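Novice: Next come a sequence and a model predicted from it.
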Amino acid sequence: MTEQQKIEYSQLEVGYEFPPASYNLGSADVSAYLKATGETDRLFQNTGIVPPTAIAAWSLIALLDYVDMPSGTIHLAQELESVGIAKESDTITCHARVSRKQERSGLRLLDIEFKVQDQNGDLVVAGKSSFNFP
Amino acid sequence: MSTDQRLDLSTLEQGSVLREMTKEIVQENVALYAEASKDFNPIHIDEEFARNTPLGGTIAHGMLILAYVSQMMISNFGQDWLVGGKLNARFKAPARPGDTITVSGTVRKIENDEGRTFIKCDILCQNQAGETVIAGNGTLTVNT
């Protein structure tokens, strides 16, 4: 999707469903994530297990292909539920929808709920991201 | 902190304090996180750009700090957290390069229901000045 086709806050409505976004959990990407976050727990050493926060982070970035989040957009809150274990080489798909849109007191709030499934359709991560748009 | 020893869930009670974790925020790590997460918002990685915003400088990604929270929960609860952990976090203040972030948690409530145990924890991330960066809660569901 090109920059010009991104959806602006004013165009989003509650219930809007974003196009599903798929992502392969490559070992290089997972290694880079573990290094960047300083994750050294034995659960992630040579097991191929992918941290749920990595899946959430990549899912959020996938949304940015569709939503125009201008400079000054603030990530207010994050819910994250780790339901199952994703592993390297899995292909995950994020399904996201606008669950709340509210304008009050100069705030322009938007909640996006998402569910991430693996290639078998098993739920791996679910969550909700809350933003304030400028 | 050793990650080889998980909490013994049978010893937990209301008020139990989780093993905390401390992280230094370094610009190089923020840049590494930008690469890893593919979040290249200049507020995180472009110091000149960030200086000219109301924030006055670069800040760490909120999701990086949330990763530290998840790490703290995993270090305490192990794999149980990966298949039954739920975080609810509010980003209260930015974490900046040079900050030292302490991630802590306290058991607020333990409930048992139909073969499952729900461990509800208050979670806090504070910088070296005691300012809250993230406040929230985490719930772990364990089949017992």
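Specialist: Cool, the structure landed. Numbers count the residues shown, from 1 in each chain, chains lettered A, B, ... in the order given.

Novice: May I have the strand of greatest length in chain A exported as PDB, CA atoms only?
Specialist: Ranked by residue count under DSSP state E, the longest strand found in chain A is strand A:91-104. Provided in PDB are the C-alpha atoms of strand A:91-104 (Å, rounded to 0.1, in the frame of the first residue of the first chain):
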ATOM      1  CA  THR A  91       3.900 -17.700   9.600                       C
ATOM      2  CA  ILE A  92       1.700 -15.500  11.600                       C
ATOM      3  CA  THR A  93      -1.300 -13.500  10.500                       C
ATOM      4  CA  CYS A  94      -2.600 -10.500  12.300                       C
ATOM      5  CA  HIS A  95      -6.300  -9.600  12.200                       C
ATOM      6  CA  ALA A  96      -7.100  -6.200  13.500                       C
ATOM      7  CA  ARG A  97     -10.100  -4.000  13.900                       C
ATOM      8  CA  VAL A  98     -11.000  -0.600  15.300                       C
ATOM      9  CA  SER A  99     -12.700  -1.200  18.600                       C
ATOM     10  CA  ARG A 100     -13.100   2.300  19.800                       C
ATOM     11  CA  LYS A 101     -12.900   5.800  18.400                       C
ATOM     12  CA  GLN A 102     -13.600   8.700  20.700                       C
ATOM     13  CA  GLU A 103     -12.900  12.500  20.500                       C
ATOM     14  CA  ARG A 104     -13.200  14.400  23.700                       C
END
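
Novice: Okay, buried residues for that strand please.
Specialist: For strand A:91-104, the neighbour count (16 or more other CB atoms under 10 Å in any protein chain shown) marks A:92, A:93, A:94, A:95, A:96, A:98, A:99, A:101 as buried. C-beta: built from backbone N, CA, C; applies to glycine.

Novice: so what's the fourth one bridging to?
Specialist: Legend: beta-bridge partners of residue A:95 under DSSP bridges are residue A:115.

Novice: which stretches of chain B form strands?
Specialist: Counting by DSSP E, the strands of chain B are B:21-24, B:85-91, B:100-113, B:116-126, B:132-143.

Novice: List the strands paired with the last one, with their directions.
Specialist: Okay, so that is strand B:132-143. Here strand B:132-143 is paired, per DSSP bridges, with strand B:85-91 (antiparallel), strand B:116-126 (antiparallel).

Novice: In JSON lines: those, plus mean pLDDT and mean neighbour count.
Specialist: Formatted as JSON lines, the strands paired with strand B:132-143 follow (pLDDT from 0 to 100; neighbours: other CB atoms under 10 Å in any protein chain shown):
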{"stretch": "strand B:85-91", "mean pLDDT": "98", "mean neighbour count": "21"}
{"stretch": "strand B:116-126", "mean pLDDT": "97", "mean neighbour count": "20"}
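
Novice: Local confidence estimate at the closest residue to residue B:89 other than its chain neighbours?
Specialist: Leaving aside its sequence neighbours, residue B:89 sits nearest to residue B:136 (CB to CB, 6 or more residues apart in numbering or on different chains; 3.7 Å). As predicted, residue B:136 sits at a pLDDT of 98.
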